[in-house]
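>>> would you be able to build a 3D model of this:
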Amino acid sequence: MTDMTSDIAKQVLDASLMHVPFDGWSQTAFDAAVADCDVNPVVARALFPRGAVDLAVAFHKRGDAQMQSYLAADNLSDMKIREKITHAVRTRLEVCPDREIIRRGTSLFSLPQHVPTGAELIWDTCDAIWTAIGDPSTDFNWYTKRATLSAVYSSTVLYWLGDESVDNSATWEFLDRRIENVMQFEKFKAQARSGPLGKLMAAPLAALSRVKAPEKRRDFPGQWRGPTT
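Coordinates of the predicted model:
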């Protein structure tokens, strides 16, 4: 993708954020953003084939990229693992410019036809978090960590959308409780390997040990990664 194309995609996405709080991630918002930027509708549709849905996807991925940038600049070395996860999730929520935009996105990705896309976005966010905090997993743990964090992240977003407490204090307390659930699960997995339960779980764990994390080959020819924003 050329720099010019990337710039047009960014302009359309930026323009859409003025309309989404009122019209949602809809065709109306998409058309208004394209008109605001004086972009050829054919070009806009080429950049965002599904219209507003792809705009919402681009917005979410922009938030992930911003979170990764902030985390890369932070000193996480002295934090415990649960502190790193909590900090990362808070950072991801705090980069959101407008809660109503997130609310509209949640509504969009709760529609049956868009649920798979929404689930993929949440998974990618949690993968970005684990990667940013230095998770070394290459086996089945790679999957379980992202699955449990996906549940934590999605439930925290929903709680945050309805939170009216000062400085979102209620959300951060909710997040702490959910992270504790994750830590308890990780503790259980460790006990399953080394404790008395390990003997009973030996065969299943041996099978799971052969499961490997996917290779991140995302740059091979012909793969469409969507507009860069």
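
>>> C-alpha from now on. contacts and neighbour counts both.
OK.

>>> in what helix or strand does the residue most central in space within the chain lie?
Per Cα atoms, centre = their mean, the C-alpha nearest to the average position across the chain is that of Thr125, at 2.4 Å. In this assignment (DSSP states H and E), Thr125 forms part of helix 115-132.

>>> cool, Ser150 as well?
Assigned by DSSP H and E, Ser150 belongs to helix 140-161.

>>> what distance separates that helix from the centre of its chain?
With Cα atoms, centre = their mean, to the nearest Å as the basis, helix 140-161 stands 9 Å off its chain's centre.

>>> what comes up buried for that helix?
140-143, 145-150, 152-154, 156-157, 159-160 (16 or more other Cα atoms under 10 Å).

>>> okay, angle between that helix and helix 115-132 too, please.
110 degrees (axes from the mean of the first three to the mean of the last three Cα atoms, to 10 degrees).

>>> what about the strands in this structure?
Ranges of strands within the chain: none, based on DSSP state E.

>>> where does it have low pLDDT?
Applying pLDDT under 70 to the chain picks out residues 1-5, 185-213, 215-229.

>>> that one: helices as residue ranges?
3-16, 20-23, 27-37, 41-47, 52-73, 81-94, 99-108, 115-132, 140-161, 169-194, 197-200, 202-208 (DSSP state H).

>>> turn these into TSV, including distance to Pro214.
As requested, these are exported to TSV (distance: least, Cα to Cα, whole Å):
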stretch	distance to Pro214
helix 3-16	28
helix 20-23	35
helix 27-37	34
helix 41-47	28
helix 52-73	20
helix 81-94	22
helix 99-108	27
helix 115-132	12
helix 140-161	9
helix 169-194	21
helix 197-200	26
helix 202-208	14
